[in-house]
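Q: okay, structure incoming, though there's no sequence with it:
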């Protein structure tokens, strides 16, 4: 394991180096530094180059309405492992402008666009500051605390009219003049309204000067893929400029499944959010629960440390989820390759068996809603343990070998996948990619090892890593990870102790101490983080999801440039996105 | 299956019962249609995963004649709205529906497509696809299990059985109007609501406070 880096050394060194622009955040429950706005870029550059914090994991904004301030929070890590360095910058609400960190950390590009879209903080020198989840022309920035949605009822849940006796109350439709979920600015009249359309999106796409275009003298063509397209894994859209069949430029367009997770999450109580996290990455709901519960437990403190048996069940469920997800990823990738649904059927067969276990334990196949703060919803039912043992020791190892045997050396798979969409390790770190994408590029970074959580330190497993960074390696690494997950499962199932499930008596409404927490887990898609700010009430003040699929997509255009249009589909398939998480 | 074809009240001699059926035009027409519904390969959200599971070997909706899923709306009979309908996505869904040839059916799969589901209050969520498209079958669940989806598809079969050539809309003389495609303005604009704007937006009727300097409003 890597030697832990002493955070205090870095902190003292940083403080002495930047005495004027840096101050330690002294608010209760907060960590890290406050950085002066105008020197942010300089600070970040030094952090990356001199201190080795080369991996910017998460960028998010918080609206501190009572202080009339906006804050942008950055979580930076070293790609060699260790805990986070948090730095933040505050700007006044009415003039929210922050220097963009995209030149230093290209992985911040989409995250900064998201902050602009949802919170209205403008980033200076951002190369392409457009809305990302909503459309151009949408009025307002929805995550601002004083922005109210059309169906607004109250600031916080549970709403009074639904509880305790929610009979025959008017619905939100009845309050709205249009009877539906819309609200317009005052005096808005569609007759004088000029639609903005998608001019901003196509700007710079229609005429891209490249060397080859001068030589050949051919026309370039702009092609839209999606949002309804059989191979975009949901409602995802790519706009590509083509030179013949070669991609000159590609822009991902997302937001078609933006379900306002964070706005709803900030009205919900902490417990209410658990089922919503299921619906983020709906292929691996148990891992999402895990990340959220860890983040809230960090805030709650030691009283909510889960009992031993719970820790084991959490690991077992998370690893089963990883296997199910990677099986689906392999199946979908081969679908994209044109092996229409045959390998997928092999993958789904095993996934169904894992879903059976989830259904028996949690009550639902996909939306498990199983983890609780300091415990689990319920213990394992009778008979499930034997089923899990059978899967982990007998069936899955055999079936993974079978899939491996059928696909890995297949000539078509190799010809299509090898040397396609190559991504270098330097780029992989700079673009903040995570999970299998990062590890297939030769960076052995796995949160389970780099910054261990739960009881992952106890298990003997390898961090899977591959070195070519092409689609083929991103396929192979998923097989490797399934094998490692099976190793973890076998150890965990052997050691699973008896005992209680919950640290405390389960509560409906917990009070969470004031402060912030960033909990991250190695989800199947990559580093899944939850950033929570608590103001001491029963609802989070800020609830942000660092979604691995979303941030991995930052790298998509870089991977696709110079490739053929048909390969863009499999490059997207090899990143393995889920739109519920990308758009939230 | 074949007993659905028989018209009640007519006796077929036992020796030719395997080869001769006495039936009505409606019955044989619907019998043919109900076993050849092709769904469109179109997934929106979580429910789409359960739809894939239903199409796969364990549940296998090919048993119900849905042999193949077509990614093109021109070749599909059934729009399975499988997931949350967002405002950004709904113009595309309406356009896809308009492109489907008649006879066409819409199944709202899951809570979100039926009425907004857990995300109903979200600012980017349309509370149910029935705000725009005529829905034939609603399937509850979040997401509906494959069994529930199959049950919904069987309900669709029953609906097809109950239709008559005389009254179905695609054999009427008048042309079937296309559904106007919603626009993305400051919020989602349904062109059918244009008259309402004059009515509501002339005077500020929104009672809750809408004092955002960004120009957005609650309501």
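A: Structure received. Worth saying up front: this structure is predicted, and the values here are computed from it rather than measured.
Q: dump the residue contacts of residue A:476.
A: A:408, A:440, A:466 (Cβ atoms under 8 Å, 6 or more residues apart in numbering or on different chains). (Each C-beta comes from the backbone N, C-alpha and C, glycine too.)
Q: most surrounded residue in these?
A: Within the contacts of residue A:476, neighbour counts (other Cβ atoms under 10 Å in any protein chain shown) peak at residue A:440, which reaches 29 neighbours.
Q: want to throw the contacts of residue A:476 into a markdown table with distance to chain B?
A: Listed next are the contacts of residue A:476 as a markdown table, based on distance: Cβ to the nearest Cβ, whole Å:
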| residue | distance to chain B |
| --- | --- |
| A:408 | 22 |
| A:440 | 24 |
| A:466 | 27 |
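Q: out of those residues, which one sits closest to residue B:175?
A: Using Cβ to Cβ, residue A:440 is the member of those that sits closest to residue B:175, with 54.3 Å.
Q: quick one: contacts for that closest one?
A: A:423, A:465-466, A:468-470, A:473-474, A:476-477.
Q: so which of those residues are in helices?
A: Counted as lying in helices by DSSP state H, out of these, are A:473-474, A:476-477.
Q: now for those residues, which pair is the farthest apart?
A: Every pair of the ones in helices among the contacts of residue A:440 checked by Cβ to Cβ; the farthest is A:474 and A:476, at 7.5 Å.
Q: residue A:242 - nearest residue in space that isn't next to it in sequence?
A: The shortest distance from residue A:242 to any non-neighbouring residue, by Cβ to Cβ, 6 or more residues apart in numbering or on different chains, is to residue A:221 (4.8 Å).
Q: where does the one you found fall, secondary structure wise?
A: In this assignment (DSSP states H and E), residue A:221 forms part of strand A:220-225.
Q: also residue A:406?
A: Applying DSSP H and E as the criterion places residue A:406 in helix A:396-407.
Q: gap between that helix and the chain center?
A: How far helix A:396-407 lies from its chain's middle: 29 Å, per Cα atoms, centre = their mean, to the nearest Å.
Q: what's the closest non-adjacent residue to residue B:41?
A: Closest to residue B:41 by Cβ to Cβ, 6+ apart is residue B:69, at 3.9 Å.
Q: cool, and residue A:556?
A: residue A:252 (5.4 Å).
Q: wait, is that neighbour part of a strand?
A: Yes. Assessed by DSSP: H, G, I helix; E, B strand; the rest coil, residue A:252 belongs to a strand.
Q: in the chain, where is pLDDT below threshold?
A: You didn't pick a chain, so chain A it is. Across chain A, the ranges flagged by pLDDT under 70 are A:1-8, A:161-168, A:207-217.
Q: the intended chain is chain B.
A: Low-confidence segments of chain B, defined by pLDDT under 70: B:1-4, B:200-219.
Q: which parts of it are helices?
A: B:25-34, B:46-55, B:90-99, B:110-115, B:146-161, B:194-201.
Q: distance from stretch A:225-235 to the middle of the chain?
A: The answer for stretch A:225-235 is 20 Å, by Cα atoms, centre = their mean.
Q: start and end of it, how far apart?
A: For stretch A:225-235, the first-to-last residue distance is 10 Å (Cα to Cα, to the nearest Å).
Q: which residue packs closest to residue 57, ignoring adjacent ones?
A: All of this is about chain A. Residue A:57 sits nearest to residue A:75 (Cβ to Cβ, 6+ apart), 4.7 Å away.
Q: can you look at chain B instead?
A: Residue B:57's closest residue in space is residue A:345 (Cβ to Cβ, 6+ apart), at 5.3 Å.
Q: buried residues, the helix or strand harbouring the one you found. List them.
A: Under the criterion of DSSP H and E, residue A:345 resides in helix A:342-362. Neighbour-count burial for helix A:342-362, counted by 16 or more other Cβ atoms under 10 Å in any protein chain shown, picks out A:343-344, A:346-348, A:350-355, A:357-359, A:361-362.
Q: which residues of the stretch 201-350 of chain A fall in helices?
A: A:211-216, A:261-267, A:273-278, A:285-300, A:308-337, A:342-362 (DSSP state H, counting those that start in this stretch).
Q: can you give me the helices in the stretch 1-150 of chain A?
A: Under DSSP H, counting those that start in this stretch, the stretch 1-150 of chain A gives helices at A:7-17, A:40-51, A:109-119.
Q: how big is the angle separating the second one from helix A:7-17?
A: Read that as helix A:40-51. Helix A:40-51 and helix A:7-17 are oriented at 130 degrees to each other (axes from the mean of the first three to the mean of the last three Cα atoms, to 10 degrees).
Q: off-centre distance for helix A:40-51?
A: Offset of helix A:40-51 from its chain centre (Cα atoms, centre = their mean): 25 Å.
Q: and stretch A:132-152, by the same measure?
A: The answer for stretch A:132-152 is 21 Å, by Cα atoms, centre = their mean.
Q: with stretch A:72-81 instead?
A: Distance, centroid of stretch A:72-81 to centroid of chain: 15 Å (Cα atoms, centre = their mean).
Q: do the same with stretch A:389-408
A: Relative to the chain's own centre, stretch A:389-408 is displaced by 28 Å; criterion: Cα atoms, centre = their mean.
Q: ok, stretch B:182-199 next?
A: A distance of 23 Å separates the centroid of the chain from that of stretch B:182-199, by Cα atoms, centre = their mean.
Q: measure residue A:579 to residue A:152 for me?
A: Separation of residue A:579 from residue A:152 (Cβ to Cβ, to the nearest Å) stands at 26 Å.
Q: and what of residue A:572?
A: Taking Cβ to Cβ as the measure, residue A:572 falls 36 Å from residue A:152.
Q: those two: which is more packed in?
A: More crowded of residue A:572 and residue A:152, by other Cβ under 10 Å: residue A:572, with 28 against 19.
Q: in which helix or strand would I find that one?
A: Short version, using DSSP H and E: residue A:572 is in helix A:565-575.
Q: all strands for chain B, in order.
A: B:78-82, B:105-109, B:137-139, B:183-184, B:188-189 (DSSP state E).
Q: now the first one against strand B:105-109, angle please.
A: With the same axes, to 10 degrees as the basis, strand B:78-82 and strand B:105-109 are set at 20 degrees to each other.
Q: nearest spatial neighbour of residue 31, chain-adjacent residues omitted?
A: Let's take chain A. residue A:86 (5.5 Å).
Q: wrong one, chain B
A: residue B:5 (5.4 Å).
Q: got the contact list for residue 102?
A: By default, I'm working from chain A. Neighbours of residue A:102 in contact, by Cβ under 8 Å, 6+ apart: A:108-109, A:112, A:123, A:125-127.
Q: can you look at chain B instead?
A: So residue B:102 contacts B:169-170, B:176 (Cβ under 8 Å, 6+ apart).
Q: would you turn these into a markdown table with neighbour count?
A: As requested, the contacts of residue B:102 are arranged in a markdown table below (neighbours: other Cβ atoms under 10 Å in any protein chain shown):
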| residue | neighbour count |
| --- | --- |
| B:169 | 11 |
| B:170 | 10 |
| B:176 | 11 |
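Q: between those residues, which is nearest chain A?
A: Of all the contacts of residue B:102, chain A sits closest to residue B:176, with 21.8 Å by Cβ to the nearest Cβ.
Q: I'd say that closest one and residue B:170 touch.
A: Yes. Between residue B:176 and residue B:170 a contact is recorded at 6.8 Å, counting by Cβ atoms under 8 Å.
Q: residue B:23 reaches residue B:9, doesn't it?
A: No. At 11.4 Å, residue B:23 does not count as touching residue B:9 under the criterion of Cβ under 8 Å.
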